[in-house]
Every structure is written in C-alpha cells, then in structure tokens.
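# sequence isn't available, so here's the structure alone:
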C-alpha cells in the first residue's frame, strides 16, 4: 500500500514537471522517487547523494533544476531552518509545524490543536485573520 502511494506521488510530481515542459528522464524519475518516499526534509545535496547511489549519471545541477521547477509550481515547499541549507518536502500534506533538533539536524513534524487555537485567538484579539503561518521550534533533547 505504501508503495502504491509513493508511485502516485511520483506520478503527481512527474505531471508537474511535464506541465512545465520538462522531459521525464531516468535521472528525474529517480529524484522524484526519492522525494516521494518522504519521511524527512532532505537538502539538494542529500537528494543528490541518494539519487547518485541509484544512478551515478545524475548531476547536482539536475537536482537543483528539478527542485526549482517543483518549488515554482507549488509541488514542494522549501524550508531554511536556522541558516542551514534549503530543505524540501512535498506540499501535498496537511498543515504542520517543525521542531528542529540542533544536535542531529533532524526535522520533526508535529501538529498541535492547542497551538493552532492560540494563534487564532491572538490574531483575533489583534484584529487579524491568519492567512498562513509557519512555526519552527529549535531544541536539544533533554538529558534527564
């Protein structure tokens, strides 16, 4: 079942590239499959390394061009956490926030209805309606 979802996501990303006039090469298909696996927020270099293990003919410039088009078309989101390299995730998921582990660099996705409600209340008190927002927490694992 998970493989079917990955194939569907890969197909969706292929459609985005086609609509931008790009050919779906073997190299791009490899990049898209890695993105569709999800589970983390890779930067372009990490994507390149993973893809190159599967297909050594992939170039870093192909990764950058592919990511640029996907971002321009709204298929992926770019995040820059605490001055690090741009990291990417698919844009098709439900809203969530991020906790970044400062020691490992891990990006943990979470959603809190309490936080969402509090943000709405604060905005309303100030006379605003939230159109979009992003919350990033930075921390270190406690050593109790």
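Cool, got the structure. Bear in mind the structure is a predicted one, so any value in this text is a computation, not a measurement.
# can you give me the buried ones in stretch 16-31?
Neighbour counts over stretch 16-31 (16 or more other CB atoms under 10 Å) mark 16-17, 27-31 as buried. In short, each C-beta sits where N, CA and C put it, glycine included.
# mind putting those residues into CSV with pLDDT and distance to residue 96?
Putting these into CSV (pLDDT from 0 to 100; distance: CB to CB, whole Å) gives the following:
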residue, pLDDT, distance to residue 96
16, 91, 21
17, 93, 25
27, 93, 30
28, 93, 27
29, 92, 27
30, 93, 27
31, 92, 23
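# got a list of what residue 26 touches?
When contacts are counted by CB atoms under 8 Å, 6 or more residues apart in numbering, residue 26 touches 55, 57.
# got phi/psi on residue 95?
Torsion angles at residue 95 (phi, psi; degrees, to the nearest 10) stand at phi -60, psi 140.
# not counting sequence-adjacent ones, nearest residue to it?
residue 111 (7.0 Å; CB to CB, 6 or more residues apart in numbering).
# close enough to count as contact, the one you found and residue 97?
Yes. Residue 111 is within contact range of residue 97, at 6.7 Å (criterion: CB atoms under 8 Å).
# who has more neighbours, these two?
Regarding residue 111 and residue 97, a neighbour count based on other CB atoms under 10 Å identifies residue 97 as having more, with 16 against 10.
# any idea what the more buried one is bridged to?
Taking DSSP bridges as the rule, residue 97 bridges to residue 110.
# what about the most centrally placed residue in the chain, which helix or strand?
With distances taken as CA atoms, centre = their mean, residue 89 lies nearest the centre of the chain, 0.9 Å away. Per DSSP states H and E: residue 89 is located in strand 87-90.
# quick one: contacts for residue 25?
Contacts of residue 25 (CB under 8 Å, 6+ apart): residue 62.
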